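[1] Turn this into a structure:
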Amino acid sequence: GLSREAVEHAFHHAWQRWPEVAVDADPAGWVRAAAYEYALSPWHRLRRAHKHPDAPPAEADRRALLGALLDLPPAYRRTVLLYDGLGLDLPETAAETEASTPAAANRLLHARTVIAERVPELTAPEDLHRRLSALVAEAPAAALPAPRAVRTGSERRARTWTRAVLGVTAILIAVTGFTVVTAPTRYIPVNAPGETVNGVPVRGGPQKLRPEDVELRNKLRSEPNPGPERLVPAVE
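    Model (predicted):
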């Protein structure tokens, strides 16, 4: 199921980026690389539908070959499947696996050695190539959508994502504008609500002036003469 989903995703992705794929030196390799990257994405482990792998084949020889392939590192497994399974030449295999030709050759030799140790009847490279080619030919044809449906679905998905991005952007702009318009331009301190406080001592300070005290204060303020005559009683 994940393999078919990866292939369908690769063709969708290729149609969405068709101007780039159309001028690529190897469009089929571009699609294979896209399917490979999607199928081995680590986020698939979080999906409930792909947490459990498919059941192994019933035949013992196929289970042994599958176990030997799964024991290989991903780069080595990809190299041997492209070279001995699909029949690509070594330079094409090296280019698709993003490796140099000598590195691809070393990966291929190591993968063949591991497979020969696990499955002795596949020691000869011709036998391994014949077995992988037979598996590819015997695999049931997947019910993939028609090319027109793939193109239509890719265009519809691109339009949906574009509208979603534009909608989210418009919402962010509206929220930002509303915030700018309604936000205060200065800080307004909030007065704390009043409450009764017990145990505070009685306010001290000067006592309340009597009427004669007020009259004396006014008289002193109206005659601000600091000289000694203020201390001499006036003779009426």
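[2] use CA for all of it now, contacts and neighbours both
    OK.
[3] and Arg163, how many neighbours does it have?
    12 (other CA atoms under 10 Å).
[4] so it is in which element?
    Element membership for Arg163 (DSSP states H and E) is helix 147-182.
[5] Mind giving me the packing neighbours of that helix?
    Other helices and strands packing on helix 147-182, by 3 or more CA pairs under 8 Å, 6 or more residues apart in numbering; DSSP states H and E, are helix 2-16.
[6] Check the offset of the helix holding Arg163 from the chain's centre.
    18 Å (CA atoms, centre = their mean, to the nearest Å).
[7] can you check stretch 126-140 too?
    39 Å.
[8] average pLDDT across it?
    Here stretch 126-140 scores 79 as its mean pLDDT.
[9] Next: stretch 200-217.
    For stretch 200-217, the mean confidence score works out to 78.
[10] and what of stretch 39-59?
    Stretch 39-59 comes out at a mean pLDDT of 76.
[11] Make 10 the first number, not 1, from now on.
    Will do, 10 is the new start, and the previous item becomes stretch 48-68.
[12] Can you show me the CA trace of that stretch as PDB?
    Provided in PDB are the C-alpha atoms of stretch 48-68 (Å, rounded to 0.1, in the frame of the first residue of the first chain):
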ATOM      1  CA  ALA A  48       8.400   6.000   0.700                       C
ATOM      2  CA  LEU A  49      11.300   6.200   3.100                       C
ATOM      3  CA  SER A  50      10.200   9.500   4.800                       C
ATOM      4  CA  PRO A  51      10.500   8.900   8.600                       C
ATOM      5  CA  TRP A  52       7.100  10.600   9.300                       C
ATOM      6  CA  HIS A  53       5.300   7.400   7.900                       C
ATOM      7  CA  ARG A  54       6.100   5.700  11.200                       C
ATOM      8  CA  LEU A  55       3.700   8.100  12.900                       C
ATOM      9  CA  ARG A  56       0.800   7.100  10.600                       C
ATOM     10  CA  ARG A  57      -1.500   4.400  11.900                       C
ATOM     11  CA  ALA A  58      -2.000   2.900   8.500                       C
ATOM     12  CA  HIS A  59       1.700   2.200   7.900                       C
ATOM     13  CA  LYS A  60       2.900   1.300  11.400                       C
ATOM     14  CA  HIS A  61       2.700  -2.400  10.600                       C
ATOM     15  CA  PRO A  62       4.500  -3.800   7.400                       C
ATOM     16  CA  ASP A  63       2.900  -6.100   4.900                       C
ATOM     17  CA  ALA A  64       2.900  -9.800   5.600                       C
ATOM     18  CA  PRO A  65       6.000 -11.500   4.300                       C
ATOM     19  CA  PRO A  66       5.600 -13.800   1.200                       C
ATOM     20  CA  ALA A  67       4.600 -17.400   1.700                       C
ATOM     21  CA  GLU A  68       7.500 -18.900  -0.300                       C
END
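[13] if we look at that stretch, which residues are touching it?
    Contacts to stretch 48-68, defined as CA atoms under 8 Å, 6 or more residues apart in numbering, come from residues 11-12, 15, 72.
[14] Now, of those residues, which are buried?
    Taking 16 or more other CA atoms under 10 Å as the criterion, what is buried in those is Ala15.
[15] Could you measure from the residue nearest the centre of the chain over to Ala19?
    When CA atoms, centre = their mean is applied to the chain, the residue found nearest the centroid is Trp52 (10.4 Å). Going from Trp52 to Ala19 by CA to CA, to the nearest Å gives 17 Å.
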